[in-house]
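**Student:** Model the following, please.
(2 chains)
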Amino acid sequence: MRTGASLAVVERPFRPRAVEWEMERGATQADHEATLLAQIARRDATAFETLYDRYSRAVYSLALRLLGNPQAAQEVAQEIFLHIWRGAGEFIPTRGSARSWVLSLAHHRTVDALRRQRVRAVEPLAEGDLGAGGGADVVDQALRGIEGATVRSALMTLSPEQREAIVLAYYGGYTQQEIANRLRIPLGTVKTRIRDGMQRLRVQLVHGEEERR
Amino acid sequence: MTHEQASELLAAFALHALDRDETRAVSAHMRSCAECQLELALLQEVTGQLGSAVRQVSPPPGLREAVLAGIQKRQNVIQLQRGWAVSLAAAAALLLLVLAALGVSLSRQLTALSARLTAQEQVLALLAAPTARSVSLTGSVTAAVRFVYDPDRGRGALVVSDLRDPGREFVYQLWLIAGTQPESAGVFRPAPGQPIVLPLAADFSRYQAVAISVERAPSGAPQPTTTPVLLGKL
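**Tutor:** Residues are numbered from 1 along each chain as shown, chains lettered A, B, ... in the order given. This next block holds a predicted model:
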């Protein structure tokens, strides 16, 4: 069966000597520069197990923090690792660390699950129900669950309004619009708080940023 | 979306606090904007730390087994209808076949709902890309084996439509070869009477060739132990 020209077929005669296995040399050079995620992108199950053992605790803990339910956290964590298995090729080393890539993917999937859960539960987004607590309960609860001292103190350098917006977004899984509804403030105000708050956290938390710029 | 608009939304994007449409628009801008990519990397270092700061809890022991079982399933090849040819005219029909086959073979898996969409998108994108290339693998055995890949997107798939059974104790192992260094890209067995597709993601600029060798079942070898039976230059 011949392939049409449209897919830019590159056919060359078979030349067995074009590639040499060189087993003797190969064994000593194994695993030279390949990162774990690059290996996973090539379907290396052993590399995946290593990654699982390195990140399962962090991923599960984050999912549990957001979802508050071990069963749901387990389901999402499983989904997250399958995404990593499948999507590892999308990780680009020059765009940040593997750790922040994994945690960002984990957060994204967990937030999606949380939003599906809320749709199922038909969480009332009407003003009446949400006005009273605003964000204070969620914020207090989230801050109590934060054990990392550096992050805790970085969050405490924010204004209470910035802290509230960022905590509701990250640990509460709310969109900017939902936060505005919840707090009964204009969307533009939420956007500003999130942007300024994140800039401030960046200065506090991302070391060596000056050198990287 | 303009650069200014995207850059205003980046912090919320990193927090996953945008709605679907906004997320899509920012992602689209991001693909071509190095400045936003760098900015996002820094913001994701922040969100990564927010995520790492929560109280750490050990996952239930069943999770590990469930995850590893899930990827074993995922490694199984996807079966296609027989008799396909890649040409511009047939491409659309082929896409439908691929989508149908993916739909049937994966739909039984409980966890595969979103996986299916992603796999479909990947194969779809691969076949539709104008930069896609196709290489025929040849060698010491009679076979109809082709490697289709898109170097720009780092996606590829081995398509095996005729290859004899290696015997019960053996599997075929696919290798990507960088210089003289073969790197394993997975093992497979041909399905009698049916073409199979083995999708993979890799930076193809690193590799000069793909090769297939016969290795011990079930999981092959870390490095090839036999000479390749099939080979194709990228």
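
**Student:** Which residue ranges make up the domains of chain B?
**Tutor:** Chain B breaks down by automatic domain parsing into domains covering B:3-52, B:63-233.

**Student:** So which of these is nearest residue A:153?
**Tutor:** Closest approach to residue A:153 among the domains of chain B is made by domain B:3-52 (11.9 Å; CB to CB). No exception for glycine: its C-beta is placed from N, CA and C like everyone else's.

**Student:** re earlier: any chance of the domains of chain B in CSV with distance to chain A and mean pLDDT as columns?
**Tutor:** Shown next, in CSV, are the domains of chain B (distance: least, CB to the nearest CB, whole Å; pLDDT from 0 to 100):
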stretch, distance to chain A, mean pLDDT
domain B:3-52, 3, 95
domain B:63-233, 3, 75
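
**Student:** who wins for proximity to residue A:163 among the ones you listed?
**Tutor:** Nearest to residue A:163 among those is domain B:3-52; the distance by CB to CB comes to 11.6 Å.

**Student:** and the residue nearest the centre of chain B, which of the three is it?
**Tutor:** Nearest to the geometric centre of chain B sits residue B:200, at 3.2 Å (CA atoms, centre = their mean). With DSSP: H, G, I helix; E, B strand; the rest coil as the basis, residue B:200 sits in strand.

**Student:** In this structure it contacts residue A:43, no?
**Tutor:** Yes: Residue B:200 lies in contact with residue A:43 (CB atoms under 8 Å); the separation is 6.0 Å.

**Student:** what is in contact with those two at once?
**Tutor:** B:185, B:186 (CB atoms under 8 Å, 6 or more residues apart in numbering or on different chains).

**Student:** Let me see the ranges of the helices in chain A.
**Tutor:** Ranges of helices within chain A are A:23-28, A:36-41, A:45-67, A:70-87, A:98-120, A:127-131, A:136-144, A:149-156, A:160-170, A:176-183, A:187-205, A:209-212, based on DSSP state H.

**Student:** deepest of these, which one?
**Tutor:** Neighbour counts (mean count of other CB atoms under 10 Å in any protein chain shown) averaged over each of those peak at helix A:160-170, with a mean of 24.

**Student:** so what does that one touch, helix or strand wise?
**Tutor:** Helices and strands touching helix A:160-170, by 3 or more CB pairs under 8 Å, 6 or more residues apart in numbering or on different chains; DSSP states H and E, are helix A:136-144, helix A:149-156, helix A:176-183, helix A:187-205, helix B:34-52.

**Student:** Looking at the ones you listed, spot the one closest to residue B:126.
**Tutor:** Closest approach to residue B:126 among the helices and strands packed on helix A:160-170 (CB to CB): helix B:34-52, 23.5 Å.

**Student:** Would you pull up how far the following helix or strand past the closest one lies from the middle of the chain?
**Tutor:** Counting by DSSP states H and E, the element after helix B:34-52 in chain order, helix or strand, is helix B:62-75. Distance of helix B:62-75 from the chain centroid (CA atoms, centre = their mean, to the nearest Å) equals 17 Å.

**Student:** list the contacts for residue B:29?
**Tutor:** Applying CB under 8 Å, 6+ apart, we find residue B:29 in contact with B:1, B:3, B:5, B:6, B:36.

**Student:** quick one: what helix or strand has it in it?
**Tutor:** Assigned by DSSP H and E, residue B:29 falls in helix B:20-30.

**Student:** repeat for residue B:213
**Tutor:** Using DSSP H and E, the element containing residue B:213 is strand B:209-216.

**Student:** Which strands or helices does whichever helix or strand comes after that strand pack on?
**Tutor:** For strand B:209-216, the following helix or strand on the C-terminal side (DSSP H and E) is strand B:230-233. Helices and strands touching strand B:230-233, as assessed by 3+ CB pairs under 8 Å, 6+ apart, comprise strand B:133-139, strand B:144-150, strand B:209-216.

**Student:** neighbouring strands for strand B:230-233, and are they parallel or not?
**Tutor:** Applying DSSP bridges, strand B:230-233 is found paired with strand B:133-139 (antiparallel), strand B:209-216 (antiparallel).

**Student:** about what we covered before: of all the domains of chain B, which lies closest to residue A:148?
**Tutor:** Proximity to residue A:148, assessed across the domains of chain B by CB to CB, is greatest for domain B:3-52 (6.4 Å).

**Student:** So what's the gap between that closest one and the chain middle?
**Tutor:** Per CA atoms, centre = their mean, the centroid offset for domain B:3-52 relative to its chain is 25 Å.

**Student:** Just the endpoints, please. Distance across it?
**Tutor:** End-to-end span of domain B:3-52 (CA to CA, to the nearest Å): 30 Å.

**Student:** which residues are contacting stretch A:151-168?
**Tutor:** By CB under 8 Å, 6+ apart, the residues outside stretch A:151-168 that reach it are A:135-136, A:138-139, A:142-143, A:146, A:174, A:179, A:182-183, A:190, A:193-194, A:196-198, A:200-201, A:204-205, B:15, B:49-50, B:52-53.

**Student:** can you check stretch B:30-42 too?
**Tutor:** Contacts of stretch B:30-42 with the rest of the structure, by CB under 8 Å, 6+ apart, involve A:95-96, A:100, A:202, A:206, A:209, A:212, B:3, B:6-7, B:10, B:13-14, B:29.

**Student:** Return the angle between stretch directions for the helix or strand where residue B:160 lies and strand B:144-150.
**Tutor:** In this assignment (DSSP H and E), residue B:160 forms part of strand B:155-162. Here the directions of strand B:155-162 and strand B:144-150 differ by 170 degrees (axes from the mean of the first three to the mean of the last three CA atoms, to 10 degrees).

**Student:** what is residue B:54 paired to in the beta sheet?
**Tutor:** With DSSP bridges applied, residue B:54 shows beta-bridge pairing to residue A:146.

**Student:** Quick check: it touching residue A:144?
**Tutor:** No: between residue B:54 and residue A:144 there is no contact under CB under 8 Å: 10.6 Å.

**Student:** Quick one: find the helix or strand in chain A with the lowest mean pLDDT.
**Tutor:** When the helices and strands of chain A are scored by mean pLDDT, DSSP states H and E, helix A:23-28 comes last with a mean of 32.

**Student:** if we can go back for a sec, and the contacts of stretch B:30-42, which is closest to residue B:183?
**Tutor:** Residue B:183 lies nearest to residue A:95 out of the contacts of stretch B:30-42, by CB to CB, at 22.9 Å.
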